[in-house]
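Colleague: sharing a model that was predicted from the sequence below.
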Amino acid sequence: MKSGVVVFPGSNRERDMLRALDEITGTRPVPIWHAETELPDLDLVVLCGGFSYGDYLRTGAIAARGRIMPAIAKAADKGVRVLGICNGFQILCEAGLLPGVLMRNAGLKFVCKEVKLEVANADTDFTRKYKQGEVWRCPVAHGDGNYFTDAETLKRLEGENRVGLRYAEGTNPNGSLNDIAGILNERGNVFGMMPHPENMIEPLNGATDGRALFESVLEAVA
Amino acid sequence: MKARIKVTLKNGVLDPQGKAIEGALGSLGFSGIESVRQGKFFEVELAETDPAKARAAIDEMSKKLLANTVIENYAVEIDEQ
């Protein structure tokens, strides 16, 4: 699987992500600088975590209007898998590739801890290696992860099974509507989530629960 | 020409920062506060001299970047000075 990780000024999880992709897919991923206007031929484009443009204006707002973004929208349109983690999720929402917005955590504090994620839909390209309802461990590290959207969009997301992951067992760290941790676009090839599966891939991380997310995409594109 | 854009959270959208400010005002001894909502304010200097065109441009900028219309409303004022 050919994958790439987009790097904006202020991204800071690209190394972790590149390492996770390298380790799990067995193919060296390519870093993609935000000022590029074209993407190489890829099966998966990842927007990683960090604080692109210092979170100025709104988290992800400036990066979402970056030069590389039209190429990412075009790739998504062609069915290329796009994964946004943390700041990447915020960017995908700001860019309109996913519905809704990530607002300031309800508790106003930056949360950096481990949460439990429940697989709300195991029939997606990003969760198929998990079992439906499976609960797994994953770290979060964000100040703006409070998923919000209007009632109608929320109803659609739920009705169309587009909530892939939820915070489980009372671990919602940010006040997200319906405990939403990760959502899909309509077509199912764009997925955004706040937690960091790339930091749960080897015993040194404490657990390897995040691997299955990348293995899911690997299987989906095979 | 100068434009002033006020961006505010839509009704019903939770504003934890506004709530915290409300709490802090209470701690300072201010009473009778029913609610506080936090927003943003922008001043944009434009080379455009036609107010209608300026307004149209600012409207586009607000929709595309200054406000996230999922959660925010915006109001534009054009200063013709």
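Modeller: That came through fine.

Colleague: identify the residues contacting residue 54.
Modeller: Just going to use chain A. For residue A:54, the contacting residues are residue A:10, taking C-beta atoms under 8 Å, 6 or more residues apart in numbering or on different chains as the criterion. Where you see a C-beta, it was placed from the backbone N, CA and C, and this is true even at glycine.

Colleague: hm, I was asking about chain B
Modeller: If a contact means C-beta under 8 Å, 6+ apart, then residue B:54 has B:1, B:3, B:46, B:48, B:78 as its contacts.

Colleague: so which bits of chain B are right by chain A?
Modeller: The interface of chain B toward chain A, taken as C-beta under 8 Å from any C-beta of the partner chain, is made up of B:13-14, B:16-17, B:20, B:64-66, B:68, B:70-71.

Colleague: need the max-distance pair from those residues.
Modeller: The two members of the residues of chain B next to chain A with the most space between them (C-beta to C-beta) are B:20 and B:64, at 29.6 Å.

Colleague: ok, residue A:61 touching residue A:94?
Modeller: Yes - contact criterion C-beta atoms under 8 Å: residue A:61 and residue A:94 qualify, at 5.0 Å.

Colleague: which neighbours do the two share?
Modeller: Residues touching both residue A:61 and residue A:94 by C-beta under 8 Å, 6+ apart: residue B:68.

Colleague: circling back: comparing residue B:20 and residue B:64, which residue is more hemmed in?
Modeller: Between residue B:20 and residue B:64, residue B:20 has the larger neighbour count (other C-beta atoms under 10 Å in any protein chain shown), namely 15 against 10.

Colleague: so that one makes contact with residue A:106?
Modeller: No - at 10.9 Å, residue B:20 does not count as touching residue A:106 under the criterion of C-beta under 8 Å.

Colleague: distance-wise, check residue B:8 relative to chain A.
Modeller: Between residue B:8 and chain A the distance, using C-beta to the nearest C-beta, to the nearest Å, works out to 14 Å.

Colleague: output stretch A:71-82 as PDB, nothing but the C-alphas.
Modeller: This file holds the C-alpha atoms of stretch A:71-82, laid out as PDB (Å, rounded to 0.1, in the frame of the first residue of the first chain):
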ATOM      1  CA  ALA A  71      -5.500  17.800  -4.700                       C
ATOM      2  CA  ILE A  72      -6.600  15.900  -1.600                       C
ATOM      3  CA  ALA A  73     -10.300  16.700  -2.300                       C
ATOM      4  CA  LYS A  74      -9.700  15.500  -5.900                       C
ATOM      5  CA  ALA A  75      -8.100  12.300  -4.600                       C
ATOM      6  CA  ALA A  76     -11.000  11.700  -2.200                       C
ATOM      7  CA  ASP A  77     -13.400  12.200  -5.000                       C
ATOM      8  CA  LYS A  78     -11.600   9.500  -7.000                       C
ATOM      9  CA  GLY A  79     -12.000   7.100  -4.000                       C
ATOM     10  CA  VAL A  80      -8.500   7.300  -2.500                       C
ATOM     11  CA  ARG A  81      -8.600   6.700   1.200                       C
ATOM     12  CA  VAL A  82      -8.000   9.800   3.300                       C
END
